[in-house]
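Asker: coords below, sequence missing:
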């Protein structure tokens, strides 16, 4: 039986999502709990994709296979009781055996929280990126719209990335909104390169601060050169917000 | 020269404010930084009062003596550069030699953040107390007004407290407000017993949930019996918000 789970996590004290030799990872703590439930038989979990150290998730999706016959509600309660307090299972449902949390992704949404206030907020230091100075929201919005559609995003991909194949990706929706003291950049797309959202946000911050003009985005994209874009915004403002699948996966 | 500093801290990863043999404390990290600045001569810091493990502060006040001749702005920058990222100095000013951060307090304000939402929020678990179920804000406000004035607060003092003298304290202002999904209990007073705010809030939550009536507060106070009041609300929702001094202390 294959199960699909939507999970949330606070990335602050994880060395990222993916299991690695040293360091506490989200995948690691989930597999540990599942393996315990399966009497020591290792259960492997597959996610929609990894997230970096310090990056959060409110709608990460994973799948795993099990022979345990437990009703959904009990799965939810059992996992949430056993998981540490910085990981949470939001829902868990049975899916067809051929559902795959990574291969079947149709779209992903990320949100990035910029704290746009007079002073930084100690209590949100792990959850927002504080930007000093006045940000021009209209300019940021105008700039963001140049990302829409399919482009070669080489300028917005970490230089050390070892992506195979081309770097054409499709942004289906991007917005820049203010809610109270937060500026929220929301990006939906069918696929993302390594650090792509954080470099987009870093570049939008430059535009908000008046260091660049909104029209420059098209030139930066066309250059296909990482050095033309802005800095990589820090991880703590980034949330993997939602992962969408085609209808067959329910 | 005596300096007064207003400090903020995220209490999550501290074993409280006050230095103790084991565990990381706010006082400990501040004294360590000051001692370093004074070439190894230990600098002792006095606060308006202690806060417990997990309790936050946005307006804690401390004083200490120094012979270093450094302008205020440089003090601020030096301390904030050297302090860990969960403690922050908001301001630092010279005060008369007889200013005392604890003895001269005229009033303190605490705020308690209750998260009143459909579901808990993983990213605010260290900063709010999530209460499940419907809270009646009007009933909580009505109840809160019974605390105003001077009373023997024995019913609202931790049973294991070793307070000397009487337990009469004066609440000068108390409000219950909703901001977005937070219910904020704001309490001002001239002095507080151990766990007093957290027991007041725990009792107000009972009233909000309809487990008790607002009028019961007067009876609970009159009983002078800790077992008559509600549970001690957990530390993570509590903030030492402001400490006020008489005019002489600037």
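Answerer: Ah, there it is. Treat the numbers as computed from the prediction; the structure is a model and nothing was measured.
Asker: from here on, contacts and neighbour counts on C-alpha atoms
Answerer: Noted.
Asker: Low-confidence ranges, chain A, go.
Answerer: Where chain A drops to pLDDT under 70, the residues are A:247-250.
Asker: Walking through it, point out its helices one by one.
Answerer: Applying DSSP state H to chain A gives helices spanning A:26-37, A:72-82, A:137-144, A:196-208, A:216-223.
Asker: Packing partners of the first one?
Answerer: Right, the one you point to is helix A:26-37. Here helix A:26-37 is seen to pack against helix A:72-82 when contacts are counted using 3 or more CA pairs under 8 Å, 6 or more residues apart in numbering or on different chains; DSSP states H and E.
Asker: what do you get for the fourth one?
Answerer: Other elements packing on helix A:196-208 under the criterion 3+ CA pairs under 8 Å, 6+ apart are helix A:137-144.
Asker: I'd say residue A:187 and residue A:177 touch.
Answerer: No: look at residue A:187 against residue A:177 with CA atoms under 8 Å: they stay out of range, at 11.6 Å.
Asker: Looking at the two now, which is surrounded by more residues?
Answerer: Neighbours per residue, other CA atoms under 10 Å in any protein chain shown: of residue A:187 and residue A:177, the larger number sits with residue A:187, 24 against 15.
Asker: which residues sit in contact with the more buried one?
Answerer: By CA atoms under 8 Å, 6 or more residues apart in numbering or on different chains, the residues touching residue A:187 are A:109, A:110, A:111, A:171, A:172, A:173, A:174, A:175, A:197.
Asker: The last one and residue A:113: what is the separation?
Answerer: From residue A:197 over to residue A:113 the distance is 12 Å, taken as CA to CA, to the nearest Å.
Asker: about what we covered before: among the helices of chain A, which is the most enclosed?
Answerer: Per residue and on average, the most neighbours among the helices of chain A fall to helix A:196-208, with a mean of 24 (mean count of other CA atoms under 10 Å in any protein chain shown).
Asker: what's the spacing between that one and its chain's center?
Answerer: Chain-centre distance of helix A:196-208: 15 Å, with CA atoms, centre = their mean, to the nearest Å.
Asker: returning to what we had before: of the contacts of residue A:187, buried ones?
Answerer: Buried members of the contacts of residue A:187, counted by 16 or more other CA atoms under 10 Å in any protein chain shown: A:109, A:110, A:111, A:171, A:172, A:174, A:197.
Asker: Which of those residues fall within strands?
Answerer: Residues of the buried ones among the contacts of residue A:187 located in strands (DSSP state E): A:109, A:110, A:111, A:171, A:172, A:174.
Asker: which residues does the fourth one bridge with?
Answerer: Spelled out, that is residue A:171. For residue A:171, the beta-bridge partners are residue A:149, residue A:189 (DSSP bridges).
Asker: Surely it touches residue A:196?
Answerer: No: applying CA under 8 Å, one finds residue A:171 not in contact with residue A:196, separated by 11.0 Å.
Asker: ok, the ones in strands among the buried ones among the contacts of residue A:187 vs chain B, which is closest?
Answerer: Among these, residue A:111 lies closest to chain B (CA to the nearest CA), at 14.5 Å.
Asker: For the closest one, which residues are in contact?
Answerer: By CA under 8 Å, 6+ apart, the neighbours of residue A:111 are A:184, A:185, A:186, A:187, A:238, A:239, A:240, A:241.
Asker: For it, which non-adjacent residue is closest in space?
Answerer: Distances taken as CA to CA, 6 or more residues apart in numbering or on different chains place residue A:186 nearest to residue A:111, at 4.5 Å, with adjacent residues excluded.
Asker: Now do that neighbour against chain B, distance only.
Answerer: 18 Å (CA to the nearest CA, to the nearest Å).
Asker: isn't that residue right up against residue A:174?
Answerer: Yes: using CA under 8 Å, residue A:186 is in contact with residue A:174, at 5.5 Å.
Asker: re earlier: can you give me every residue that contacts the residue nearest to residue A:111?
Answerer: A:109, A:110, A:111, A:112, A:173, A:174, A:175, A:176.
Asker: what are the bridge partners for the third one, then?
Answerer: Taking DSSP bridges, one finds residue A:186, residue A:239 as the beta-bridge partners of residue A:111.
Asker: same question, the last one
Answerer: In this structure, residue A:176 has beta-bridge partners residue A:185, where bridges are defined by DSSP bridges.
Asker: what about it, how many residues close to it?
Answerer: 21.
Asker: thinking again about what came up before, I'd like the ones in strands among the buried ones among the contacts of residue A:187 as JSON lines, with distance to residue A:103 appended.
Answerer: As requested, those are arranged in JSON lines below (distance: CA to CA, whole Å):
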{"residue": "A:109", "distance to residue A:103": "16"}
{"residue": "A:110", "distance to residue A:103": "18"}
{"residue": "A:111", "distance to residue A:103": "22"}
{"residue": "A:171", "distance to residue A:103": "18"}
{"residue": "A:172", "distance to residue A:103": "19"}
{"residue": "A:174", "distance to residue A:103": "23"}
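Asker: for these, which one is nearest residue B:150?
Answerer: Set against residue B:150, the nearest of these by CA to CA is residue A:111 (49.5 Å).
Asker: so residue A:133 makes contact with residue A:211?
Answerer: No: if you go by CA under 8 Å, residue A:133 and residue A:211 don't touch, sitting 11.8 Å apart.
Asker: which residues does residue A:137 contact?
Answerer: The contact partners of residue A:137, taken as CA under 8 Å, 6+ apart, are A:176, A:177, A:178, A:208.
Asker: repeat that with 6 Å
Answerer: Contacts for residue A:137 were tallied using CA atoms under 6 Å, 6 or more residues apart in numbering or on different chains; there are none.
Asker: And it, how far from residue A:185?
Answerer: Distance, residue A:137 to residue A:185, using CA to CA: 10 Å.
Asker: ok, now residue A:109?
Answerer: 10 Å.
Asker: swap in residue A:5?
Answerer: Look at residue A:5 and residue A:185: by CA to CA, they are 26 Å apart.
Asker: Same check on residue A:221?
Answerer: Taken as CA to CA, the span from residue A:221 to residue A:185 is 18 Å.
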